[in-house]
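Q: Let me see the structure of the following:
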Amino acid sequence: MAKNPFEGKAALVTGAGAGIGRALCLELAARGALVAATGRQEANVGETARLVREAGGKATGFVLDVCDEAAVNRAVEESAKRHGRLDYMVNNAGISIAGESLDLSVCDFRDVFAVNFFGVLYGTMAAYRVMAEQGGGHIVNVSSLAGLLPFPVKAPYAASKHAVVGLSTTLRAEGAKLGVRVSVACPGLVDTEIWSKTPIMKAESEDILAMIPVSMLSAEKAARAICDGVAANRGIIAFPFHARFLWWLYRLHPGLLAPMGWKMMNDFRKVKRSK
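A: From the prediction side, this is the model:
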């Protein structure tokens, strides 16, 4: 039987107050990791840590705003000191905004990038320095299928997630000889609170959900797929099957997915409000 790579290892997870982040904390702990659950809301990360402990795992929870570079640096350094090393850094925190790009502002893009890219960058660089010095570790950045394909109606989100993929695949090459592994998770549609919390310009969340042609994956299944991919040291962890298939089609011939993008825009414009 293959050795469990998570047993007794220290893991720090951002965006752990709900959704994929909470599910990742539970999954990592179930596989034997010592989990630090972080997020903006103390009550939410405290609840995550409590759920982990009730399930028999080991976890602490504390507040962390990934937009605060100094705070992220401190969290990574303190976590490494507490356990003697940092084995897994999971940069999961993310936000979204939706709407036709004509109705979005540059500020909307900045807000999304502040969390989705720079929040990931701060965590990645802080962990990369620690892991390079200790001679090993694994950075796991949570992107999206929208980081591999065009995603009409969510341009800020897609652009930020593409940036996360570029950062992760580049650092994977740079860190290999230093013992630092880097993986980027690119899930398809996952059923989390982000759908209800996403601001949508001139439309409602129900309108967006009605446009989705496939059923969404649960956060728990997403967490298992991510942990399986990390255990196998896969560089890009794309799942489920429909996500891998669409990614394969796009790599084969980008134009094959153009009709799908046009349909998404046409469907959105039909439900779009004038104000």
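
Q: Just give me the neighbour total for the residue nearest to residue 134 when sequence neighbours are not counted.
A: Nearest residue to residue 134 in three dimensions, chain neighbours excluded: residue 85, at 5.1 Å (C-beta to C-beta, 6 or more residues apart in numbering). Where C-beta positions appear, they are placed from N, C-alpha and C, glycine not excepted. As a burial measure, residue 85 scores 17 neighbours (other C-beta atoms under 10 Å).

Q: Residue 97 too?
A: The burial count for residue 97: 18, using other C-beta under 10 Å.

Q: where's it relative to residue 123, distance?
A: 21 Å (C-beta to C-beta, to the nearest Å).

Q: Then residue 175?
A: Residue 175 is 14 Å from residue 123, by C-beta to C-beta.

Q: With neighbour numbers in mind, choose between these two.
A: residue 123 (28 against 19).

Q: May I have the phi/psi pair for that one?
A: phi -70, psi -40 (degrees, to the nearest 10).

Q: Let me know whether it touches residue 91 as I believe.
A: Yes. Look at residue 123 against residue 91 with C-beta atoms under 8 Å: they come within range, at 4.2 Å.

Q: which secondary structure elements does the least confident helix or strand in the chain by mean pLDDT contact?
A: Using mean pLDDT, DSSP states H and E, the weakest-scoring helix or strand in the chain turns out to be helix 205-210, at a mean of 73. Counting contacts by 3 or more C-beta pairs under 8 Å, 6 or more residues apart in numbering; DSSP states H and E, helix 205-210 packs against helix 194-197, helix 258-271.

Q: so what does the first one touch, helix or strand wise?
A: Put plainly, it is helix 194-197. Here helix 194-197 touches helix 205-210, going by 3+ C-beta pairs under 8 Å, 6+ apart.

Q: same check, this time on the longest one
A: Helices and strands touching helix 258-271, by 3+ C-beta pairs under 8 Å, 6+ apart, are helix 205-210.

Q: Any buried residues in the helix it packs on, and which?
A: Neighbour-count burial for helix 205-210 flags 207-208 (criterion: 16 or more other C-beta atoms under 10 Å).

Q: Please compute how far the following helix or strand past it lies from its chain's middle.
A: Next along the chain after helix 205-210, taking DSSP states H and E as the criterion, comes strand 217-218. On the basis of C-alpha atoms, centre = their mean, to the nearest Å, strand 217-218 sits 14 Å off its chain's mean C-alpha point.
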